[in-house]
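Asks: Model the following, please.
(2 chains)
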Amino acid sequence: MSTQEFSAAFEALTAPAARMALAPLLALGVGVLVFLLCDVVAALRAARAPVFVGALILAAAAEVRILLGERAPGLVFDGTFAADRATALWGLMFVGATLLAWLASLGYYRENRPFKPEHDALMLTTPIGMMLMIGARDLVVFFVGLELLSIPLYALCAFRRMRQESVEAGVKYFLLGSFSSALFLYGAALLYAAAGTLSLVELAERDLSAPLALAGLALVAASLFFKVAVFPFQLWAPDVYQGSPTPVTALMATGTKAAAFGFLLVQLTPILPATGRATVAVLALVTMLLGNLGALVQTDLKRMLAYSSVAHAGTLLLLVAAGMGAPDEHGALGAALYYLGGYLFTAMGAFGLLGLLEADGARFTRLESLRGLARSRPVVSALLALFMLSLGGIPATAGFLGKWFVFAVLVDADMTTVAVLAALLSTIALGYYLRVIVVLYMQPPPEELEPPRTNRWSASLVGALCGAFVLAMGLFPALFLGLLGS
Amino acid sequence: MLALLCFLPLAGALLLLCLPRASDAVLRLVALGVTLVVAGLGLALFLGFDGELPGFQAEFVREWFALAGPDGTIPVRLHLGLDGVSLLLVALTALLMPLVVLSSYGHVHTRVKEFLLWLLVMETGMLGVFLALDLVLFYFFWELSLVPLYFLVGIWGGERRLYATIKFFLYTVAGSLVMLVAVIALIWKLGSASVPDLFLHTAALEPTTQAWIFAAFALAFAIKVPLLPFHTWLADAHTEAPTSGSVLLAGVLLKMGTYGLLRFGIQLFPAMAIDAAPVFLALGAFGIVYGALLAMAQDDLKRLIACSSVSHLGFVVLGLFALNSAGLRGAVLQMINHGLSTGLLFLLVGMVYERTHTRQLERYGGLAAVMPVFALFFVFTVLSSVGLPGLNGFVGEYLILAGTFEVSPAWATLGVSGVVLGAVYLLTATRRMLFGPVVHAENRKLADLGAREVGLMLPLVALSVWIGVQPSVLLDKCAPALERILERVEDARFDARLANPAAEDVQLR
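Replies: Here you go, the predicted structure:
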């Protein structure tokens, strides 16, 4: 590289817009390094938690600056990365998910506490990957983000290495995740062969109707379908979600899903061919059906929530179907943000409380062990019930408006039949969400079993925060809709 | 005023949440106090209401949030308001609530705090449904009101409460979710969520769109009423619910369905209602007879009354879809009457159940000798329910049948047979329960009704007589609103004739 080229590259890196766009990523990246440094130097150990939180706060502040700033940076780095109000909103969601998952993990691990700092460092890496994914305007940048998210997650899934199911979850996720990465690379290669570019901005302007390009698109979409666990790539989700440590499950169910759906909706949906709309809609409905039927027969709450997360992915896939082949004209993006925002707080709260109960033994994820919990743990039960109602989309919770917006997009896109079918499928979902409330409130506690007694301030804080947000998003949606209206 | 009325119970529920659960008496007093204040507000509204004024009254409007519609944003408002029909239902709800709280003294002894809390939340939900003048807000309250009842039945209900409560919830939600899609479609097509606005513009929609949206609304309401093929949840939910829950279910919740049919079926889509009227008349008439036959076959007193609700609500639907003045008046009056008399019946069943711990008719017998005051009230209520002239039921049924006869003598005739059958099963049940010798020894020492029990029934009894003697008290309030609804129906008929003159020729011949 000549001196001239080097200085040009350096200038591009340090241009004001680039600095602004890069700031959240830098804050987190530097945060990870400082965190590891603090872990090595004995005198600095006490600073680990403040560094973790500080990095997230700085990243959030940087995102807020983009969100509220006069001029968003837009495309930077030769058009491979973008930062605008929309990506800033997604970024804030990722920061929130990481923070809540980390809070829920405080005191969660008993057996391998010495490795907790590594756990935290890995966890702090994941939002960098998510932000790269959502900001990517180039398939290679996206791939880097995807791997930066996935590789820490493989390790996190297997983090409770003394437990067979945790290791199994890690291996399963790793093998299938690598497979999906390969799918993605193969698809990207085919696209490059067909269109001669990897830039998403340029791809959007090309004619991608050639068989080669369509095959490439299908492979890329398939790899994302795998990440968000929709039919026919949903089979790994229940095992991995159940086997992983609960805070990691929470992060996967909310953060990973949000990042993958974000990319799918923002970047990929507009260039997917409109002719595939019916196919994707059918895939979405089948996903909802399988997720709901699967959840209906579960006896373990964690596994049930895993299936429910598959069903929710199906609902979100409906938005992809509605938006295919055209720039965002039906407001699918806003709907997805609200839906995922609501789902983030709901699922995070539910998994967080589940992690709290698990502290008294893994049997407390089983529904039968939770019978009559409302007597011994009224607040935990009330919050769990609230989250179940929100997952089921009952008014006064975030889930209701999320569902509303999804249906509104479908109606707007003239897919009313699909909307009605989706509505009927959500009725099945209420069947198992209500069963949880039945267990908590309407059945006597098991006599031979001590109720769970552990209290952790961190998990309680997660539950309370999530509960407050779920209610606020359901009762005062204007607060959040204002952010979306850009 | 309306905002206070609607949200005061919710505030009361939050207050209860903060109170310690140590003293049930204090909790009960707070709940009773809140419901009494709401009842007072309801009474004040009722007395101050002038039916002759056009449009909705006492409106309350606040911005809530905005939806991004196809043509600009659609504001969603906290918009409450009253017309003659909603006034009566609001007054009924406000009146029943303190009585329900009072009745719970007798049968709720565990988790009193939660029970009262859900009752109050439910009151806000029910009042909200009747008051909401924004379609989003209406749907919000509509679905929200399911949750408290789900808990009330599921925690404090009878033996098969879990089955009953889940069945009830899923049945209603299936209908509601289909309605949700219709609600969104309607708001999207017309670019407004305000109910008075929607009234102005629905006629402009394409007939097929109207038909689909009407069908989705009608399905949700038909499940709630419940109309004939959807009635199976009702018997289970009613039977397993605690007394307070049954009173609210029969007294108010079912009326949400008939109110919906009137407001969002007939008033919103008059043209569709005219087309669909034969179907609803048939379902209503068959419902009357089928419900009565079901009731005749029951040995469980509570189940019998639950089935009689199917029959009585059939009358209301019959009256609504007669689509004429007498029919509509009768239907609205009958909604109130059914709330009063079935509410009373469930209260009475609850009282006798607290003493005997059975609801099987064969376990009673000769109770009139042991509990004369109870017998007096029971016979009175049964007579009001079967439509004895001079009591409230008669006026409603008479108006409905007269209205139906104008449009369809056949269905009216079938409906009349329901009146006879109603007398058969209710009077048979009365005989088996109250008269004859006291068969079972354990029934010899039952205590008669106490002052609280008599006191809480007296207002309902007094109203039953008053409405029976002077129905104009209620009819004057609601008739102008009903006339306005009928005007819309007549307009739609006129438009249909203009569009299809050939059909008119056939009719003239």
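Asks: count of residues packed around the residue lying closest to residue A:443 once chain neighbours are set aside?
Replies: Spatial nearest neighbour of residue A:443, excluding adjacent residues (Cβ to Cβ, 6 or more residues apart in numbering or on different chains): residue A:371 at 4.4 Å. C-beta: built from backbone N, CA, C; applies to glycine. The tally of other residues near residue A:371 (other Cβ atoms under 10 Å in any protein chain shown) stands at 20.
Asks: what about the residue in the stretch 251-400 of chain A positioned nearest to chain B, is that helix, strand or coil?
Replies: Distance from chain B to each residue of the stretch 251-400 of chain A (Cβ to the nearest Cβ) is smallest for residue A:395, at 4.4 Å. Reduced to three states with DSSP: H, G, I helix; E, B strand; the rest coil, the structure at residue A:395 is coil.
Asks: so it sits right up against residue B:137, yeah?
Replies: No. The pair residue A:395 / residue B:137 is not scored as a contact, 9.7 Å apart, by Cβ atoms under 8 Å.
Asks: for the chain, what are the low-confidence residue spans?
Replies: By default, I'm working from chain A. Counting by pLDDT under 70, chain A has low-confidence residues at A:1, A:111-114, A:327-328, A:485-486.
Asks: Hmm, no, I was thinking of chain B.
Replies: Scanning chain B with the threshold set as pLDDT under 70 gives B:502-509.
Asks: Could you pull up the residues touching residue 76?
Replies: In the absence of a named chain, chain A is used. Neighbouring residues of residue A:76 by Cβ atoms under 8 Å, 6 or more residues apart in numbering or on different chains: A:12, A:15, A:17, A:18, A:21, A:22, A:82, A:83.
Asks: You answered for a different chain; I wanted chain B.
Replies: Contacts here follow Cβ under 8 Å, 6+ apart; on that basis residue B:76 touches B:64, B:65, B:66, B:67, B:134, B:136, B:137, B:193.
Asks: Please apply the same query to residue A:172.
Replies: Going by Cβ under 8 Å, 6+ apart, residue A:172 touches A:236, A:239, A:240, A:243.
Asks: circling back to that earlier point, and the contacts of residue B:76, which is closest to chain A?
Replies: Taking Cβ to the nearest Cβ as the measure, chain A lies nearest residue B:65 of those, at 3.8 Å.
Asks: My understanding was that the closest one contacts residue A:481; is that so?
Replies: Yes. Counting by Cβ under 8 Å, residue A:481 is a contact partner of residue B:65 at 5.6 Å.
Asks: Could you list the buried residues of whatever helix or strand residue B:432 lives in?
Replies: Assigned by DSSP states H and E, residue B:432 belongs to helix B:409-434. Using 16 or more other Cβ atoms under 10 Å in any protein chain shown as the test for burial, helix B:409-434 gives B:411-412, B:414-416, B:418-419, B:421-423, B:425-426, B:429-430, B:432-434.
Asks: just stretch A:134-152 next, same as before
Replies: Neighbour counts over stretch A:134-152 (16+ other Cβ under 10 Å) mark A:134-139, A:141-152 as buried.
Asks: Buried ones among the contacts of residue A:76?
Replies: Counted by 16+ other Cβ under 10 Å, the contacts of residue A:76 give A:17, A:18, A:21, A:22, A:82, A:83 as buried.
Asks: if I look at the last one, how far off is chain B?
Replies: The spacing between residue A:83 and chain B, counted by Cβ to the nearest Cβ, to the nearest Å, is 24 Å.
Asks: Now for that residue: which residues touch it?
Replies: A:20, A:21, A:66, A:72, A:73, A:74, A:76, A:135.
Asks: try it again with 10 Å
Replies: If you count contacts by Cβ atoms under 10 Å, 6 or more residues apart in numbering or on different chains, residue A:83 has them with A:17-18, A:20-25, A:62-63, A:66-67, A:69, A:72-76, A:91, A:131, A:134-135.
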